[in-house]
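Trainee: from the sequence below, what's the structure:
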Amino acid sequence: MKVRIALVLVILAALTRLLPHPPNFTPIAAIGLFGAAYFERRWLALIVPFGALFLTDLFLNNVIYSSYYTGFTWVTSWWIYAAFTLVMVVGWIMLRTHVSPVRVVTASLTASALFFLVSNASTWAETPLYPKTFAGLMTCYAAGLPFVGNTILGDLFFSAALFGGYAWATRQKLAYSEL
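Mentor: Here you go, the predicted model:
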């Protein structure tokens with residue numbers, strides 16, 4: 001039953017990516033952290049969060065943002081998937097054995113920092129916007145600073161929703177089973 005609750009929460013969170021939202025205010029990092037913490041089977045901990053990311057990316061890239069791409073787009077940036085992998089590693093390290101509000105907040109803030117560092121490094125490395133120097137990388141990071149606030153807020157909000165929703169739902173299930 002707990003796996004079903006976790007699956008439903010991940011699906012609901014993933015679907016929020018398809019709704020209008022401020023830039024970078026998404027559930028992706030929270031889904032990675034949550035999946036790493038609560039899916040006991042390693043294959044579920046990988047498949048469910050990555051599946052949520054991949055399927056919503058397919059829809060977004062080929063329906064919502066299709067005018068930006070020529071032809072069908074499977075993956076727009078492997079860097080995002082690398083950042084997501086790092087977020088899941090953070091979840092395994094910080095949340096796998098013990099979930100607490102302090103650990104969730106710390107993991108969420110770490111995820112925000114990792115996403116910022118990796119996504120901006122990808123922009124610097126793969127586009128002609130910045131010189132391929134240390135100064136160019138620092139300029140790229142500076143240009144990304146206006147988006148950090150939404151990333152942090154989104155990661156904290158969706159982490160609270162997923163982890164809090166799971167705690168509430170599993171307590172409700174336990175309370176009903178005791179009746």
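Trainee: just name the shakiest helix or strand of this structure by mean pLDDT.
Mentor: helix 42-59 (a mean of 89; mean pLDDT, DSSP states H and E).
Trainee: in the next helix or strand after that helix, what's buried?
Mentor: Using DSSP states H and E, the helix or strand that follows helix 42-59 in sequence is helix 78-95. By neighbour count with 16 or more other C-beta atoms under 10 Å, helix 78-95 contains the buried residues 79-81, 83-88, 90-92, 94-95. Every C-beta, even on glycine, is put in place using the N, C-alpha and C of the backbone.
Trainee: possible to save the residues you listed as JSON lines with distance to Trp43?
Mentor: Formatted as JSON lines, the buried residues of helix 78-95 follow (distance: C-beta to C-beta, whole Å):
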{"residue": "Trp79", "distance to Trp43": "24"}
{"residue": "Ile80", "distance to Trp43": "22"}
{"residue": "Tyr81", "distance to Trp43": "17"}
{"residue": "Ala83", "distance to Trp43": "21"}
{"residue": "Phe84", "distance to Trp43": "16"}
{"residue": "Thr85", "distance to Trp43": "15"}
{"residue": "Leu86", "distance to Trp43": "19"}
{"residue": "Val87", "distance to Trp43": "18"}
{"residue": "Met88", "distance to Trp43": "13"}
{"residue": "Val90", "distance to Trp43": "19"}
{"residue": "Gly91", "distance to Trp43": "15"}
{"residue": "Trp92", "distance to Trp43": "14"}
{"residue": "Met94", "distance to Trp43": "21"}
{"residue": "Leu95", "distance to Trp43": "18"}
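Trainee: farthest pair within those?
Mentor: Distance extremes for the buried residues of helix 78-95: the farthest pair is Trp79 and Leu95 at 23.6 Å, using C-beta to C-beta.
Trainee: if we can go back for a sec, just give me the closest of the buried residues of helix 78-95 to Phe115.
Mentor: Looking across the buried residues of helix 78-95 and measuring by C-beta to C-beta, the closest to Phe115 is Ala83, at 5.0 Å.
Trainee: ok, the closest residue to that closest one other than its chain neighbours to Thr85 distance?
Mentor: In this structure, Ala83 finds its nearest non-sequential neighbour in Val118, 3.8 Å apart by C-beta to C-beta, 6 or more residues apart in numbering. Note on Val118: its distance to Thr85, by C-beta to C-beta, to the nearest Å, is 10 Å.
Trainee: please find the angle between the direction vectors of the helix or strand hosting Gln172 and helix 78-95.
Mentor: Using DSSP H and E, Gln172 sits in helix 134-178. With axes from the mean of the first three to the mean of the last three C-alpha atoms, to 10 degrees applied, the angle from helix 134-178 to helix 78-95 works out at 50 degrees.
Trainee: which strands or helices does helix 134-178 pack on?
Mentor: helix 2-15, helix 28-38, helix 101-126 (3 or more C-beta pairs under 8 Å, 6 or more residues apart in numbering; DSSP states H and E).
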